[in-house]
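1. fold the following and give me the result.
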Amino acid sequence: MLTTVAVVWSLFQLWYASPLPFVFGFGILNDTEARAIHLGIALFLAFTAYPALKSSRRDRIGPIDWALALAGAFAGAYFFLFYRELAARPGQPTTPDLVTASVGLLLLLEATRRALGLPMVIVACAFLTFTFAGPYMPDVLAHKGASLSKALQHQWLTTEGVFGIALGVSTSFVFLFVLFGTLLDKAGAGNWMMQISIALLGHLRGGPAKVAVVSSALNGVVSGSSVSNVVSGGIFTIPLMKRTGLSGVKAGAIEAASSINGQIMPPVMGAAAFLMVEYVGIPYSEIVKHALLPAIASYVALLYIVHLEALKIGSKPIPREKTSTRTRLIRTGLGISGSIVVLCLAYYGVVAAQAAFGDAAGWVLAFAGAVLYVGCVFAAARHPDLAIDDPNAPILKLPRAWDVTVTGLDFLIPIFVLLWCLMAEQMSPGLSAFWATVSILAIVATRRPLLALFRHGDVAAEARAAMADLVDGLALGARNMIGIAIATATAGIVVGTITLTGLGLMMTEFVEFVSGGDVIAMLILIAAVSLVLGMGIPTTANYILVATLMAPVVVELGAQAGLAIPLIAVHLFVFYFGIMADITPPVGLAAFAAAAISREDPIKTGFQGAFYALRTAILPFVFIFNPEILLIGVDSWAHVLWVVIVCMAAILLFSAATMNFFVTRSRLWESALLLVACFALFRPDWFINQVHPATVEKPASQFLAAVAAAPEDKRLAFVVEGTTIEGEDVRKTVSLPIGAPKPTPQERLRELGLSVSALGDQVTIGTVAFGSYAKRIGLETGQMVTAVIEPAPGRPSAGWIQIPALLLAGVVYLLQRRRAPKERAAFA
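-> Numbers count the residues shown, from 1 in each chain. The predicted model follows:
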């Protein structure tokens, strides 16, 4: 029965995300009704799938659990069951409403304890306590409090609390992305990605550790959790790393560090990328563009750290097939060029089909995709299925990259469908995930029978096995979703408390008070708070918490300090540190999972992993002050290339300095010089600001002219002044991304949810649309634009700092290279 409920849940989510309800005119649900069904099923499965205690029986479900499951299902689905009645009396809850709300909150907390453990329960209870304890809090956090009736209504009977945007995102598309990843893994894509990583990197020095890094990056598309990333990949990579000489602590730390990076890697980012669309208010394609370079830089730096660790211990590469250098170069060239050709053919083929067939292009492309899929399976059938490597075996034979690749080319089709729908067609995340999931469902249902057909095997038996895999995949996807659905609902308690009590404004005042207005101190404090908030919490709920509570603090205090921080930089800042909690002791769950596999001390593994993660921790501070590494403000491909080169060089120099190893073991002064070079590459503006101002202020009367003249996708910075609700005068600097040209500057501003009125030299902000970008960066009706900020003329180029920094690193390189042979000989 539990399997049936789980499968029904997956089918319901597919139905809700699809266009079918509107095609048939049946089963059309609004967002609130769908969220209620989503939570009701999640609560039912939480109480039936997760025992109450470690001592509870695993072979049956007790009557108390059945009762709690049914009560939870009723309380969760209450909005759906009585939607019309609740809509007819808004703000006037009856006694049954309040009883259901109170029971529902208690059951949600208990389900959270079972599925996720105590950390998130403690967070939710702390916020609930804050709701009622307002009059007894210190002045900086004091508020008038709320009655029990008002709190219950706000949390359970409106869309401000449990049934708010967090649960809405879980309902709309997070479920489908989890199901998509589960089905990909069920089809064999996870093992395929692991084997490709081994084939491509296993022959390098420290190859198994590099396999862990790359496979975690690939697995980030499949997995929405750093812990599951560790568990699924670490069982292979950690023993492999230990086999090549790395200690168990370092092997576990590398796996944990690479797994948390899987959550910051586009295109999925543990589903946080799609949440950012809602919270930041920019298209998904922009989210991916901004998040890509820091994520790649962090992974490249970890590969470099792994290489340095291998050099330190004199690790030997895993032997591979002996071939000539010429043959290897030809194979590499064919692999790279072939991949580029295939990508170009796929892209331009789809574009050509759309241009040629118009509205019928969808059917034509579906048929072409089916033919391509059958061809890929036919090619795979001519090779043996991939064996799962035994990491404890004494000898590992590296497979050839093409022999591995050809066995799973069809796994790329659903990923291509997903990215095409998201990036090219600009579909919603939910609809994109639906079509991608439909494609992987078709693969799971047909791949085994097709392989049997092409290999002249038992097609009927394989067809039955494929159907069993399909049902199991649907059930497992729902099972994997229980914790996330419960986590997002519980995160709604935090969001509801913030909207009910005004805690967001209080946090701004609190952080400002503690940091004394110093920007660096403020950012360090917010990073620490984000680490605490993220402890033991899944990625999606983690981002919801830090984005709701801490992102507005960075926006407001940064603006007051004169920093026009792009909103995406703020959200990536808090997201990075929320994710870092998965590796930071004492509650680094990814480190604990890795230590369980390596059989080492989890605290030591966590500290070692946190040390490796320093290269990720500095990036958020960099893109707060230098948004170029988010590809913001770059205006040409040459500029993009230079930014990429500088970013990669800087992060590698930082890694070398922290590892105290460059060409050979570094001396203290050499590491210091590398850090100086890294700082100059990341923050050349700091040096230039000492001799030349970065910006100049122009009169507010030029504001509309500046909006009209701004090129597309450029950011316009300006100063606003006004009085807060508390009567305090505030001056802050903000920036707006100016979109496509419009006939008037007012129309360009309306695209951002903003209108202004200009009278002489005065420019007053008029309406600020709710939920718009302008609202998110803190603009309010009645504020005055007092100055327009433009780049200072004659400012030296950043290259005057960055090129000498690269030369300085080159000097250290040459010095170390001269003495490296002597040190290696002495060591030998």
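
2. could you pull out the helices in the stretch 651-800 of the chain for me?
-> 668-682, 684-689, 703-709, 745-750, 773-776, 799-827 (DSSP state H, counting those that start in this stretch).

3. check the stretch 251-400 of the chain too.
-> So, for the stretch 251-400 of the chain - with DSSP H, counting those that start in this stretch - the helices run 272-280, 284-313, 325-357, 361-381.

4. same question for the longest helix seen in the chain, mean pLDDT?
-> Secondary structure of the chain per DSSP state H: the longest helix is helix 459-501. Averaging pLDDT along helix 459-501 gives 89.

5. just how off-centre is whichever helix or strand comes after it within its chain?
-> As assigned by DSSP states H and E, the chain's next helix or strand after helix 459-501 is helix 503-515. Distance of helix 503-515 from its chain centroid, counting by C-alpha atoms, centre = their mean, to the nearest Å, is 26 Å.

6. what is helix 503-515 packed up against?
-> helix 519-533, helix 539-549, helix 551-560 (3 or more C-beta pairs under 8 Å, 6 or more residues apart in numbering; DSSP states H and E). Glycine gets a C-beta too; all of them are placed from N, C-alpha and C.

7. lowest mean pLDDT across those helices, which one is that?
-> If you rank those by mean pLDDT, helix 539-549 sits at the bottom with a mean of 80.

8. contacting residues around that helix?
-> 120, 123, 166, 169-170, 174, 224-226, 263, 269-272, 275-276, 279, 484, 487-488, 490-491, 494-495, 498, 503-504, 507, 529-530, 533-534, 537, 571, 574-575, 577-579, 581 (C-beta atoms under 8 Å, 6 or more residues apart in numbering).

9. separation between the spatially most central residue of the chain and residue 484?
-> Nearest to the geometric centre of the chain sits residue 269, at 2.6 Å (C-alpha atoms, centre = their mean). Per C-beta to C-beta, to the nearest Å, residue 269 is found 14 Å from residue 484.

10. burial measure for residue 745, as a count.
-> Number of residues near residue 745 (other C-beta atoms under 10 Å) recorded here: 20.

11. now do residue 87
-> Neighbour tally, residue 87, other C-beta under 10 Å: 10.

12. using the three-state scheme, assign it.
-> Assigned with DSSP: H, G, I helix; E, B strand; the rest coil, residue 87 falls in the helix class.

13. pLDDT at it, what is it?
-> 84.

14. got the contact list for it?
-> If you count contacts by C-beta under 8 Å, 6+ apart, then residue 87 has nothing around it.

15. let's go with 10 Å and repeat that
-> 32, 79 (C-beta atoms under 10 Å, 6 or more residues apart in numbering).

16. with residue 510 instead?
-> Applying C-beta under 10 Å, 6+ apart to residue 510 gives the contacts 138, 140, 141, 503, 525, 529, 553.

17. what about the second one, how many neighbours?
-> Other residues within reach of residue 140 by the criterion other C-beta under 10 Å amount to 13.

18. quick one: stretch 487-497 to chain centroid distance?
-> Taking C-alpha atoms, centre = their mean, one finds the center of stretch 487-497 at 19 Å from the center of the full chain.

19. go on, stretch 764-773?
-> Worked out by C-alpha atoms, centre = their mean, stretch 764-773 lies 28 Å from the chain centre.

20. can I get that stretch as PDB, trimmed to CA atoms?
-> In PDB, the C-alpha atoms belonging to stretch 764-773 read as follows (Å, rounded to 0.1, in the frame of the first residue of the first chain):
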ATOM      1  CA  THR A 764      10.600  60.900  -6.400                       C
ATOM      2  CA  ILE A 765      10.000  57.200  -6.500                       C
ATOM      3  CA  GLY A 766       6.300  56.500  -7.100                       C
ATOM      4  CA  THR A 767       4.900  53.000  -7.100                       C
ATOM      5  CA  VAL A 768       7.100  50.000  -6.400                       C
ATOM      6  CA  ALA A 769       5.300  46.800  -7.600                       C
ATOM      7  CA  PHE A 770       5.100  44.100  -5.000                       C
ATOM      8  CA  GLY A 771       7.500  41.200  -5.700                       C
ATOM      9  CA  SER A 772       9.400  43.200  -8.300                       C
ATOM     10  CA  TYR A 773      13.200  43.600  -8.600                       C
END
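
21. contacts for that stretch next, please.
-> 278-282, 567, 700, 720, 722, 736-737, 739, 746, 749-758, 774-785.

22. 8 Å instead, please
-> 280-282, 567, 720, 736-737, 752-758, 774-775, 779-785.

23. okay, buried residues for it please.
-> Going by neighbour count (16 or more other C-beta atoms under 10 Å), the buried part of stretch 764-773 is 764, 765, 768, 772, 773.

24. ok, back up a step: could I get the helices of the stretch 651-800 of the chain in JSON lines, plus columns for mean pLDDT?
-> Output for the helices of the stretch 651-800 of the chain, formatted as JSON lines (pLDDT from 0 to 100):
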{"stretch": "helix 668-682", "mean pLDDT": "94"}
{"stretch": "helix 684-689", "mean pLDDT": "92"}
{"stretch": "helix 703-709", "mean pLDDT": "90"}
{"stretch": "helix 745-750", "mean pLDDT": "89"}
{"stretch": "helix 773-776", "mean pLDDT": "87"}
{"stretch": "helix 799-827", "mean pLDDT": "84"}
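
25. which of the ones you listed sits closest to residue 440?
-> helix 773-776 (34.4 Å; C-beta to C-beta).

26. mind checking how far stretch 275-294 is from the chain centre?
-> From the chain centre to the centre of stretch 275-294 is a distance of 10 Å (C-alpha atoms, centre = their mean).

27. ends of it, how far apart?
-> Start to finish, the residues bounding stretch 275-294 are 19 Å apart (C-alpha to C-alpha, to the nearest Å).

28. what do you get for stretch 741-757?
-> 20 Å.

29. which outside residues touch it?
-> 703-705, 707-708, 710, 712, 736-740, 763-775, 779, 785.
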